[in-house]
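Engineer: Task: produce atomic coordinates for the following.
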Amino acid sequence: MQVEVTQLCIYPIKSCAGIPLQHSEIDHRGLKWDREWVIVDEQGQMLTQRTAPIMTLIQPTITEHSLLLQAPTMPELAVSLDLDESVAMRLRIWDDLTLGADQGEAAAAWLSQFLQQSCRLLRVHTKAQRGLSQTWVRKWLQADLAPAEAPDLAQTHFGFADGFPFLICNQASLDELNTLIVQQGADPIGMSRFRPNIVIQGLEAYEEDYVWSLVGEHLQFAKLKNCTRCPLPNVDPLTAEIGLQPALALRDSRRTLEGVTFGINAALFGVEPAATLAVGQCFTAEFNF
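Structural biologist: Here you go, the predicted structure:
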């Protein structure tokens, strides 16, 4: 079955606003610049919209030389893209310990003022070795459709994304979810609530649950698991206000043994050097029912 990429988005700073793209460089780590930075508190614990929904109002922009930060009432701040790794900090992304490069006092002061708590900005350190869960890699490789070997999948390292380098969502699934949301008396929501990297069309609603891989001419994605959802999609990305949807609709329609799910977590098991991904690009969806 053919599917088409309809949207691409990166989130340079974990849990802050995204940047929609028409095309992007891509490798096993993800789309270029995606979750390259993370904000941590005084104890080195990552901050996310789960506890600080106002983070959605921080808008990063990537220029040739800088990461630009903008937010309401704040002056624009430029953080150099030159990677200074002289100040390294250990941090935890959920169950994974990894390493970040501190981005300096100006960024720390800017973020601390806006978020009203002491915090710092870290960038992925070149010595960080955060890999995929080998449990999910083994399950995928043990499937009947698995290739004889996929060393690039088993050896994948990535940045500050929750657990996988790619989150892929299906437009038809959002359309069906919005039908239920409207029936429950609320306004439909946008796909940005779920913060996917890649949005596709061509599948029936929730047919992505059964996808095993997405195979293109230069890229091959392994679907490793269905994405379990926390309450973060209840945060309106335009206002930072917290509502009841889509959690209510997901609870009533997407509760499984895995948890409440929407979208799929994926990694690359085949990628050519200097590969790109673009809106309009097509893939063949393979299923493992």
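
Engineer: who's in contact with the nearest residue to Asp187 once chain neighbours are set aside?
Structural biologist: Leaving aside its sequence neighbours, Asp187 sits nearest to Ile181 (Cβ to Cβ, 6 or more residues apart in numbering; 7.5 Å). All C-beta atoms are positioned from the backbone trio N, CA, C, and that covers glycine. Residues in contact with Ile181 (Cβ atoms under 8 Å, 6 or more residues apart in numbering) are 187-189, 245-246, 248-249.

Engineer: Just the buried subset of those, please.
Structural biologist: Among the contacts of Ile181, the ones that count as buried by 16 or more other Cβ atoms under 10 Å are 189, 245-246, 248-249.

Engineer: ok, the residues you listed vs Thr239, which is closest?
Structural biologist: Thr239 lies nearest to Ile189 out of these, by Cβ to Cβ, at 12.7 Å.

Engineer: could you check the distance from that closest one over to Gln49?
Structural biologist: Distance, Ile189 to Gln49, using Cβ to Cβ, to the nearest Å: 15 Å.

Engineer: Check Glu64 too.
Structural biologist: Glu64 sits 29 Å away from Gln49 when distances are taken as Cβ to Cβ.

Engineer: that older thread, list just the nearest of the buried ones among the contacts of Ile181 to Gly163.
Structural biologist: Nearest to Gly163 out of the buried ones among the contacts of Ile181 is Pro246 (Cβ to Cβ; 20.7 Å).

Engineer: After the longest strand along the chain, heading C-terminal, what element do we hit next?
Structural biologist: In terms of residue count, the longest strand belonging to the chain (DSSP state E) is strand 259-271. Towards the C-terminus, the helix or strand next in line after strand 259-271, according to DSSP states H and E, is strand 276-278.

Engineer: which secondary structure elements does that following strand contact?
Structural biologist: Strand 276-278 sits against strand 2-10, strand 23-27, with contacts defined as 3 or more Cβ pairs under 8 Å, 6 or more residues apart in numbering; DSSP states H and E.

Engineer: could you give the angle of the last one to strand 2-10?
Structural biologist: Right, the one you point to is strand 23-27. Using axes from the mean of the first three to the mean of the last three Cα atoms, to 10 degrees, the inter-axis angle of strand 23-27 relative to strand 2-10 is 90 degrees.

Engineer: please renumber so the chain begins at 52
Structural biologist: Sure, I'll start numbering at 52, so the last one becomes strand 74-78.

Engineer: And the contacts of strand 74-78?
Structural biologist: With contacts defined as Cβ under 8 Å, 6+ apart, strand 74-78 is touched by 59, 61, 82-83, 270, 319, 322, 325-330.

Engineer: now swap in the first one and tell me
Structural biologist: By Cβ under 8 Å, 6+ apart, the list of residues contacting strand 53-61 from outside reads 69-75, 82-85, 222, 242-243, 246-254, 265, 328-336.

Engineer: Out of the residues you listed, which end up buried?
Structural biologist: Buried among these by 16+ other Cβ under 10 Å: 69-70, 72, 75, 82-85, 222, 242-243, 246-251, 253-254, 265, 328, 330, 332, 334, 336.

Engineer: Which ones among these map onto strands?
Structural biologist: Secondary structure defined by DSSP E assigns 70, 72, 75, 82, 249-251, 265, 328, 334, 336 of those to strands.

Engineer: of all the residues you listed, which comes closest to Ala179?
Structural biologist: Of all those, Leu82 has the smallest distance to Ala179: 17.6 Å, by Cβ to Cβ.

Engineer: Okay, and the beta partners of the nearest residue to the closest one once chain neighbours are set aside?
Structural biologist: Leaving aside its sequence neighbours, Leu82 sits nearest to Ser75 (Cβ to Cβ, 6+ apart; 4.4 Å). Listed beta-bridge partners, Ser75: Leu328 (assigned using DSSP bridges).
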